[in-house]
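Asks: structure for this input, please:
(one chain, ligands or ions: 1)
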Amino acid sequence: MEEYIASGAPLVIERAEGARLHDADGRVFLDGNASWWVAALGHRHPRLLRALARQAETLGHTSLAGVTHAPAALLARDLCAVAPLGLTRVLFSDDGSTAVEAALKIAVQFFGQNGRPEKRRFVALDGAFHGDTAGAVSLGGVEVFRRHFGALLFDVVRVASPAPADEEDGEAWRRAFAAVEELLATSAHEIAAVVVEPIVQGAAGMRAYAPRYLAALRALTARLDVLLIADEVFTGYGRTGPMWGCDHADVAPDLLCTAKGFSGGLLPMAATLASERLFDGFRGGRERALLHGHSFTGNPLGAAVAREVLAIYRDEDVLGQVARKAPRLAATVAELRGRPGVLRVRQIGMIAAVDLLPSSTRGGYLGEAGWRVYEQGLSRGALLRPLGDTAYLTPPLTISDGDLDQLCGIFVDSVRAAT
Ligand SMILES: Cc1ncc(COP(=O)(O)O)c(C=O)c1O
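Replies: The predicted model follows:
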């Protein structure tokens, strides 16, 4: 806050359209991270605005407690139709963190009331990020996000990340898998679930890993009756190429969390998808119900918009657009590979990332190298908020070719100027 206050110049965004943000002084910035990864369809998509206005005319909100409504029911149906096979039930919530909290509670209660109460611990990856609420932070493996909150957090079994520290290390996933295999061989009886960000650990610095890890983990957890929770809050909706990160390995988790692009970046809305087996585990008397419901669960405005998002994905072939545009991002990081000050580069789907040489001992998320790129980006007309020493691009998936070219050019120039 000190630096921000001292700068005396808040960046005030007044309006947005497509991939462009307009500030109060008339400056225009390309949105390099799709506003924290939510604006997958860009800003103010006209169909989403119309869906919102239409819904607002009839029903803005009602609880989803003993009541239902068409927007939530139809969204659940449409979402399950595109979800990995076997995910047939949906619990709505407000954001990525609450989608994860709900998944944790479902997992624990499921085993608790179906004869396996000792299965109540979770396994999470080094470098994991699953949100900012207490349960999600407990899972988190980025130390700076946890360090002040030890008193609030529950104990999680931490295992190695399958993401290679060095991109040449093709065996990192095997070592990580061997470690989790060894752990579960002795502890599966007390583990409710393994929680992963499929294919890319976003907040850890866009660390991508081999789909084979996910495939092997799915087979292992299924065999040992440990649930697999896929946090697709960042990786879902085409960010890594296919609709879900899980699709890279052709796996279906037991629980899947989605948010961010799920509601087109327009409204806070999230969902936790579950298998029929889990749903059945909550049937019976009232005392077996999942007592978890947010005031705005299934909000009709969010639901109508989220349903329109899926229609746009179909009509505008958004995944096809990702396949066509991803090589532009690959070419962008290729331009920076091997440059002094650039340690590593990577690209997957609509994610491009560059790890920079740390300029101080404060590396990782508190590192400053990426912020030099950010300053350069601002002066050139792009918002390139970094993850510490990692500079990256995650633009709207529907960004126009012209804007993408311009954004990639600014990114390369900004990294060059900063290194
Ligand atoms: C993988 C993942 N899970 C959960 C979250 C938390 O989502 P939210 O900020 O909407 O609570 C994030 C946020 O960046 C995320 O990247």
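Asks: contacts and neighbour counts: CA atoms only from here.
Replies: Fine.
Asks: would you map the helices across the stretch 51-200 of the chain?
Replies: Using DSSP state H, counting those that start in this stretch, the helices of the stretch 51-200 of the chain run over 70-82, 96-112, 134-139, 143-146, 172-187.
Asks: now those as CSV including distance to residue 165, mean pLDDT and mean neighbour count?
Replies: Shown next, in CSV, are the helices of the stretch 51-200 of the chain (distance: least, C-alpha to C-alpha, whole Å; pLDDT from 0 to 100; neighbours: other C-alpha atoms under 10 Å):
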stretch, distance to residue 165, mean pLDDT, mean neighbour count
helix 70-82, 33, 98, 17
helix 96-112, 26, 98, 23
helix 134-139, 21, 98, 23
helix 143-146, 17, 92, 14
helix 172-187, 8, 98, 16
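Asks: which one of those helices lies closest to residue 418?
Replies: For residue 418, the closest of the helices of the stretch 51-200 of the chain is helix 143-146, at 24.6 Å, according to C-alpha to C-alpha.
Asks: give me the contacts around the closest one.
Replies: Helix 143-146 is touched from outside by 137-138, 140, 365-366, with contacts defined as C-alpha atoms under 8 Å, 6 or more residues apart in numbering.
Asks: is it correct that residue 321 is in contact with residue 400?
Replies: No: counting by C-alpha atoms under 8 Å, residue 321 stays clear of residue 400, with 9.8 Å between them.
Asks: so which of these two has more stuff around it?
Replies: When residue 321 and residue 400 are compared for neighbours, residue 321 comes out ahead with 18 against 15, by other C-alpha atoms under 10 Å.
Asks: okay, the contacts of helix 143-146 in CSV with distance to residue 114 next?
Replies: Formatted as CSV, these follow (distance: C-alpha to C-alpha, whole Å):
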residue, distance to residue 114
137, 27
138, 25
140, 28
365, 41
366, 44
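Asks: rewinding a little: tabulate the helices of the stretch 51-200 of the chain (CSV), appending distance to the ligand.
Replies: Converted to CSV, the helices of the stretch 51-200 of the chain look like this (distance: least, C-alpha to the nearest ligand atom, whole Å):
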stretch, distance to the ligand
helix 70-82, 18
helix 96-112, 3
helix 134-139, 8
helix 143-146, 12
helix 172-187, 19
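Asks: can you put the ones you listed in TSV and add distance to residue 226?
Replies: Shown next, in TSV, are the helices of the stretch 51-200 of the chain (distance: least, C-alpha to C-alpha, whole Å):
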stretch	distance to residue 226
helix 70-82	22
helix 96-112	10
helix 134-139	16
helix 143-146	25
helix 172-187	9
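Asks: up against the ligand, what does this protein have?
Replies: Counting by C-alpha under 6 Å from any ligand atom, the chain comes close to the ligand at 95-97, 129-131, 197, 202-203, 231, 233-234, 260.
Asks: rerun that using 8 Å as the cut-off
Replies: 36-37, 94-100, 128-133, 136, 197, 201-203, 231-235, 257, 259-260, 268, 270 (C-alpha under 8 Å from any ligand atom).
Asks: okay, and which of these map to strands?
Replies: Among the residues of the chain next to the ligand, the residues falling in strands (DSSP state E) are 201, 231, 257, 270.
Asks: wouldn't the first one be in contact with residue 129 here?
Replies: When you say that, I think you mean residue 201. Yes: applying C-alpha under 8 Å, one finds residue 201 in contact with residue 129, separated by 7.3 Å.
Asks: break this protein down into its structural domains.
Replies: The chain is divided into the following domains under automatic domain parsing: 2-31+317-418, 48-315.
Asks: between the ones you listed, which one is nearest to residue 42?
Replies: From the domains of the chain, taking C-alpha to C-alpha, the stretch that ends up closest is domain 2-31+317-418, at 4.4 Å.
Asks: how about residues contacting the helix or strand bottoming out on mean pLDDT in the chain?
Replies: Here the helix or strand of the chain ranked lowest by mean pLDDT, DSSP states H and E is helix 2-7, holding a mean of 89. By C-alpha under 8 Å, 6+ apart, the surrounding residues in contact with helix 2-7 are residue 10.
Asks: now that helix, how far from the centre of its chain.
Replies: Offset of helix 2-7 from its chain centre (C-alpha atoms, centre = their mean, to the nearest Å): 29 Å.
Asks: where does this structure dip in pLDDT?
Replies: Within the chain, the segments meeting pLDDT under 70 span 361.
Asks: roughly how far apart are the most centrally placed residue in it and residue 198?
Replies: For the chain, the residue nearest the mean C-alpha position is residue 234 (1.6 Å; C-alpha atoms, centre = their mean). Per C-alpha to C-alpha, to the nearest Å, residue 234 is found 9 Å from residue 198.
Asks: about what we covered before: pick the one among the ones in strands among the residues of the chain next to the ligand closest to the ligand.
Replies: residue 231 (5.5 Å; C-alpha to the nearest ligand atom).
Asks: who does the closest one bridge with?
Replies: Counting by DSSP bridges, residue 231 forms beta bridges with residue 257.
Asks: please report how far it lies from residue 93.
Replies: From residue 231 across to residue 93, the span is 14 Å (C-alpha to C-alpha).
Asks: list the contacts of the nearest residue to residue 241 once chain neighbours are set aside.
Replies: Of all residues not flanking residue 241 in the chain, residue 349 sits nearest, at 4.4 Å (C-alpha to C-alpha, 6 or more residues apart in numbering). Counting by C-alpha under 8 Å, 6+ apart, residue 349 touches 238-241, 322-323, 326.
Asks: keep only those of those residues that are in strands.
Replies: Residues of the contacts of residue 349 located in strands (DSSP E): none.
Asks: what's next to stretch 205-212, contact-wise?
Replies: Stretch 205-212 has contacts (C-alpha under 8 Å, 6+ apart) with 162-164, 173, 199-201, 248-249, 348, 351, 353, 365, 387, 390, 392.
Asks: and the two most separated of those residues?
Replies: Among the contacts of stretch 205-212, the pair separated by the greatest distance (C-alpha to C-alpha) is 249 and 365, at 28.6 Å.
Asks: my read: residue 242 touches residue 319, true?
Replies: Yes: counting by C-alpha under 8 Å, residue 242 touches residue 319, with 6.3 Å between them.
Asks: quick revisit: most neighbours among the contacts of stretch 205-212, which one is it?
Replies: Counting neighbours by other C-alpha under 10 Å, residue 390 leads these with 30 neighbours.
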